[in-house]
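*Asks:* Build the 3D model from these lines:
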Amino acid sequence: MVLAAFASVFSPACGSNSGPEEPGSTGQGGGPPVSVGSGGSAGVPISVGQGGSSSGSAPNASGGFNTAETCAAHSAEGERIPMDLYFMVDTTGSMHCPVPDDPSNPCEVQPSQPFSDVTRWVVERKALTDFVNSSGNAGLGIGIDFFPSSSNSCDSKSYTTPTVAIANLPGAAKQLSDAIANQKPAGQTPTVASLTGAIQHASSWAKKTGHRVAVVYSTDGYPKGCDSSNSIANAVAAAKAGFEAKPSVATFVLGMGRNLSSLEQIAVAGGTEHAYLIDTNADAGEKLSQALDSIRGKALSSCTYSVPPPPAGETLDYTKVNVHFQSSAGKATDFLQDPSTTCKEGWQYSADKSQVILCGNACELVKNDVNGSVQLQFGCATKIDVPH
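*Replies:* Now for the predicted structure:
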């Protein structure tokens, strides 16, 4: 769901740093606001303040929100934006490599038959099937496709149509499980084409639904086959372009195999900080399940809220937005905008500034207080976390 239907109320949104508090201001019920780099919510209502002066006067001459010492607000309750996961899963020939692997002679290409009873694909097939059938994923949207395509295509267009379209669990669980069970690993690794196609499909789905969509790219090796454009560098570029696009598509990376450290570059470029690298030892299945659970946790607890348009005749000034949290115990906290390239504490805008993302201890604080209240307050200069 995007922002829920508005219920119009008026309340003070912000005051000057030096002026006295007004009744009902951000400090009410818990003392003056505390400026910290923390906050965020999964499922916590968000009140979005749309500006004007405390007396309800018109916007200033520039068309922006009034910046009087105390700013009035038009508030609206909303819900966090849901996230769907679109899996692009490696079914290349090397997925027949045995688990555990021989560390002195790592398996990097399809081995000779007969294959081991326990292969990378056997391990991943079970982990993925368990994941889509987990009761903990109820309500999560999941879709899936596999690479290489049946024709071993190196064209990204071959990977833009899913084997199973994104749909909510548990309803989609059987179709997903059947698709996973029907795979027969073979072929080489068109990394760039398959990742690009996955991001393109995720972007189209996000535009269609208004959801946030992230790609979960699972592979057991580096690019192989196609031509020289099938490289880690170009996969990194594809992930970066997807993350910076409108709408933004993040890329999680699951790597199963040895010596896959370069996959980290794709995850970082895709906005997910690090790859989940699973060594092909005896506990690979358990590690893979833990990685999937971690990705699910990040998806379900994403502290992301849509920024609604300003009232008619007013212009939103993105340098005059603040994020405020009122705990269920009445403690008031102002969260600082994180000016860094990666959001670690406080909040940041999405790449297209259509969303506010709360992160780090910020997100954890409000996730743990489901009866608290998050507010976006418009009209006063943004409070920024200045590095020390």
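*Asks:* What's the end-to-end length of stretch 337-349?
*Replies:* With CA to CA, to the nearest Å as the measure, stretch 337-349 spans 9 Å from end to end.
*Asks:* what separates it from the chain centre, distance-wise?
*Replies:* Its chain's C-alpha centre and that of stretch 337-349 lie 14 Å apart, by CA atoms, centre = their mean, to the nearest Å.
*Asks:* Over to stretch 207-218?
*Replies:* Computed by CA atoms, centre = their mean, the separation of stretch 207-218 from the middle of its chain amounts to 8 Å.
*Asks:* Would you mind writing the CA trace of that stretch as CSV?
*Replies:* Extracted in CSV, the C-alpha atoms of stretch 207-218 (Å, rounded to 0.1, in the frame of the first residue of the first chain):
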residue,chain,number,x,y,z
LYS,A,207,5.7,1.4,-11.4
LYS,A,208,2.6,-0.7,-11.9
THR,A,209,1.9,-1.3,-8.2
GLY,A,210,3.6,1.6,-6.3
HIS,A,211,5.5,-1.1,-4.3
ARG,A,212,9.1,-1.1,-3.6
VAL,A,213,10.8,-4.0,-5.3
ALA,A,214,14.2,-5.5,-4.7
VAL,A,215,16.0,-8.1,-6.8
VAL,A,216,17.5,-11.1,-5.0
TYR,A,217,20.3,-12.2,-7.4
SER,A,218,21.5,-15.7,-6.5
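*Asks:* Next, count neighbours for Lys126.
*Replies:* A count of neighbours around Lys126, defined by other CB atoms under 10 Å, yields 15. For the C-beta atoms, the positions are set from N, CA and C on the backbone; glycine is no exception.
*Asks:* Could you do Ser231 as well?
*Replies:* Other residues close to Ser231 by other CB under 10 Å number 15.
*Asks:* Any figure for the gap between it and Ala193?
*Replies:* Counting by CB to CB, to the nearest Å, the gap from Ser231 to Ala193 is 12 Å.
*Asks:* swap in His324?
*Replies:* As for His324, its distance to Ala193 is 45 Å (criterion: CB to CB).
*Asks:* mind listing the strands in the stretch 101-250 of the chain by residue range?
*Replies:* Assigned by DSSP state E, counting those that start in this stretch, the strands in the stretch 101-250 of the chain fall at 141-147, 164-168, 212-219, 250-256.
*Asks:* quick one: what helix or strand has Ala299 in it?
*Replies:* helix 284-300 (DSSP states H and E).
*Asks:* in that helix, what's buried?
*Replies:* Neighbour counts using 16 or more other CB atoms under 10 Å place 284-285, 287-289, 291-292, 295-296, 298-300 of helix 284-300 among the buried residues.
*Asks:* The residues you listed: which two are farthest apart?
*Replies:* Between any two of those, the greatest separation by CB to CB is 24.5 Å, found for Ala284 and Leu300.
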